[in-house]
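Chemist: Based on what follows, work out the 3D shape:
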Amino acid sequence: MSGKYISLLVHFTWSTAHREPWIKPEWREPLFADIGGIMRSKNARLLAAGGVSDYVRNQEEQHRKHSFQEEFLKLLEKHKIDYDERYLWD
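Modeler: You can find the predicted model right below:
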């Protein structure tokens with residue numbers, strides 16, 4: 001019987017409370033290192049980490065062009081997911 005290989009890639013995004021800009025530049029590297037450590041403790045690998053002052057994600061460059069809200073709405077529309085914008089944001 002041949003072996004099986006499964007690879008599951010997951011994209012996580014965390015926002016700060018009320019999207020306040022609490023993540024200071026000097027905290028970024030230690031924060032990403034901690035996230036990598038948590039992933040390793042769960043037998044997972046962190047492939048990339050990034051973020052800006054109000055959330056952590058893997059596409060920091062993207063948000064120099066589009067806000068998180070714009071990108072999220074575009075994603076919902078691309079995948080034809082129904083939503084009510086009254087319930088999306090704080």
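
Chemist: Leu46 reaches Ile35, doesn't it?
Modeler: Yes: in this structure, Leu46 is within contact of Ile35 by Cβ atoms under 8 Å, at 6.1 Å. Any C-beta I mention is one placed from the backbone N, CA and C, and that applies to glycine too.

Chemist: Flag the shaky bits of the protein, pLDDT-wise.
Modeler: 1, 52-64, 90 (pLDDT under 70).

Chemist: show me where it has helices.
Modeler: Per DSSP state H, the chain carries helices over the ranges 25-41, 68-78.

Chemist: Any chance of a markdown table for those, columns mean neighbour count and distance to Thr13?
Modeler: As requested, the helices of the chain are exported to a markdown table (neighbours: other Cβ atoms under 10 Å; distance: least, Cβ to Cβ, whole Å):
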| stretch | mean neighbour count | distance to Thr13 |
| --- | --- | --- |
| helix 25-41 | 12 | 12 |
| helix 68-78 | 13 | 8 |
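
Chemist: With distance to Tyr5 as extra columns, can I get the ones you listed in JSON lines?
Modeler: Listed next are the helices of the chain as JSON lines, based on distance: least, Cβ to Cβ, whole Å:
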{"stretch": "helix 25-41", "distance to Tyr5": "19"}
{"stretch": "helix 68-78", "distance to Tyr5": "28"}
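
Chemist: closest to His11 out of these?
Modeler: helix 68-78 (10.5 Å; Cβ to Cβ).

Chemist: Who are the packing partners of that closest one?
Modeler: Applying 3 or more Cβ pairs under 8 Å, 6 or more residues apart in numbering; DSSP states H and E, one finds that helix 68-78 contacts no other helix or strand.

Chemist: please redo it, this time with the cut-off set to 10 Å
Modeler: strand 55-57 (3 or more Cβ pairs under 10 Å, 6 or more residues apart in numbering; DSSP states H and E).

Chemist: burial count for Ala49?
Modeler: When neighbours are defined as other Cβ atoms under 10 Å, Ala49 has 19 of them.

Chemist: Nearest residue to it in space, please, no chain neighbours.
Modeler: Excluding the flanking residues, the one nearest Ala49 by Cβ to Cβ, 6 or more residues apart in numbering is Phe32, at 3.9 Å.
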